[in-house]
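> Got a sequence here, can you model it:
(one chain, ligands or ions: 1)
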Amino acid sequence: MPRMDANLSADTRLTGEQRRVLLSAESGLRDLPWRQTRDPWAVLVAEIMLQQTQVARAEHRWVAFLKRFPTTAACAEAPLSELLEEWAGLGYPRRARNLQLTAIQVESNGGVIPNRLEDLLTLPGVGPYTARAVLAFAFEQDAAIVDTNLGRILARRAGRPLGRAEAQAQADAWLPSGQSWAWNQALLDIGALRCRPQAPVCTGCPVRRTCAWARASWPAPDPAAGSAAVSTRQAKFEGSARQARGRLLRAVQQGTVAPLGLSAAAGLEGQADAQARARAVADSLVNDGLLELDGAGNWVIAGTTPKP
Ligand code: SF4
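Alright, predicted model coming up:
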């Protein structure tokens, strides 16, 4: 269960705004499975999964992934094909490969996920947000996260778009010491449920009194637009290289793909420059460590070609 500080109102180190945010967590955070654990591996898997997958889709997939790969050792030892099978449908499969590379790196360093920012940042696929999320949610260290939700709140609260360093500095300065877990979770919920990209629900928001944008009656443009960490609308999936990558990867998961079948496997057959485009898609999957060429020149899942 989420941990809360029962003595918030007596804590004189908190500002009124900080107290209101923390009280909003006390009165009920979303009940998400990764909020029930402090296991660093489980937290890291959740954060990688949530990078580009919506919460509702990630919930049961996170549980299933950890059932199959409960530890870094289990993940490090598994064939990549098994990880990709468990990742199917989540998109951006490079994340599964990065998780395995991280597990291998952790295992080669004693099997312990690091608890220092600079060490976490050396792990494949772990950037400033994910590293701080692991510090806050697994180790309960003072670390302020800035993802798209927090980025939106910070910009609106400031009343102007923020650069990356400025957003992180404001988040760091805002974080109440010793409350990192509840603080970051509370802000994630405020960002997801209240401070939404469109039509924010400002009435009752714990940040309402100090939010410059709301206090100015929400003038256009929205300060969150173009502010650091705030995601923009994703490019169209239909007809994209991402779609072709997904198709080719799925085809290879079902069996080797020969050069002659490459454009059909990538779903590009009949299109202009189909073979060249399919080849570029295959090369990108090879570069990401997801595919490799076997001795006969066919594409297979990386790591499945017998070593000489
Ligand atoms: S008052 Fe409105 S705009 Fe400001 S942080 Fe809260 S929900 Fe977002």
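> Okay, strands next: where are they in the stretch 201-308 of the chain?
Taking DSSP state E, counting those that start in this stretch as the criterion, the stretch 201-308 of the chain contains strands spanning 291-293, 299-301.
> Remind me what the first one packs against, helices and strands.
Just to be clear, that refers to strand 291-293. helix 241-254, helix 274-287, strand 299-301 (3 or more Cβ pairs under 8 Å, 6 or more residues apart in numbering; DSSP states H and E). C-betas here are computed from N, CA, C, even on glycine.
> So what touches that strand?
The contact list for strand 291-293 (Cβ atoms under 8 Å, 6 or more residues apart in numbering) reads 248-249, 252, 282, 285-286, 299-305.
> mind checking which of the strands of the stretch 201-308 of the chain is nearest the ligand?
Comparing these against the ligand with Cβ to the nearest ligand atom, the closest turns out to be strand 291-293 (43.2 Å).
> Now stretch 32-47: buried residues?
Buried residues in stretch 32-47, counted by 16 or more other Cβ atoms under 10 Å: 32, 34-35, 39-47.
> Near residue 100, how many other residues are there?
A count of neighbours around residue 100, defined by other Cβ atoms under 10 Å, yields 25.
> just residue 129 next, same as before
Look at residue 129: counted by other Cβ under 10 Å, it has 18 neighbours.
> what do you get for residue 229?
Other residues within reach of residue 229, judged by other Cβ under 10 Å, total 22.
> so who does the closest residue to it other than its chain neighbours touch?
Counting by Cβ to Cβ, 6 or more residues apart in numbering, residue 229 lies nearest to residue 151, which is 3.3 Å off, once chain neighbours are set aside. Contact analysis of residue 151 by Cβ under 8 Å, 6+ apart lists 162, 167, 224, 227-230.
> On the pLDDT front, check residue 151 for me.
On the pLDDT scale, residue 151 is placed at 97.
> what's the helix or strand for it?
Secondary structure from DSSP states H and E places residue 151 in helix 148-158.
> Low-confidence ranges, this protein, go.
With pLDDT under 70 as the threshold, the chain has low-confidence stretches at 1-6, 233-235, 306-308.
> Just the buried ones out of the contacts of residue 151, please.
Neighbour counting over the contacts of residue 151 (16+ other Cβ under 10 Å) leaves 162, 167, 224, 227-230 as the buried ones.
> Which of the residues you listed fall in helices?
Mapping the buried ones among the contacts of residue 151 onto helices (DSSP state H) picks out residue 167.
> what subset of the buried ones among the contacts of residue 151 is also close to the ligand?
With Cβ under 6 Å from any ligand atom as the criterion, no member of the buried ones among the contacts of residue 151 is in contact with the ligand.
> Would you agree residue 130 falls within a helix?
Yes: assessed with DSSP: H, G, I helix; E, B strand; the rest coil, residue 130 lies in a helix.
> Nice, that's everything, thank you.
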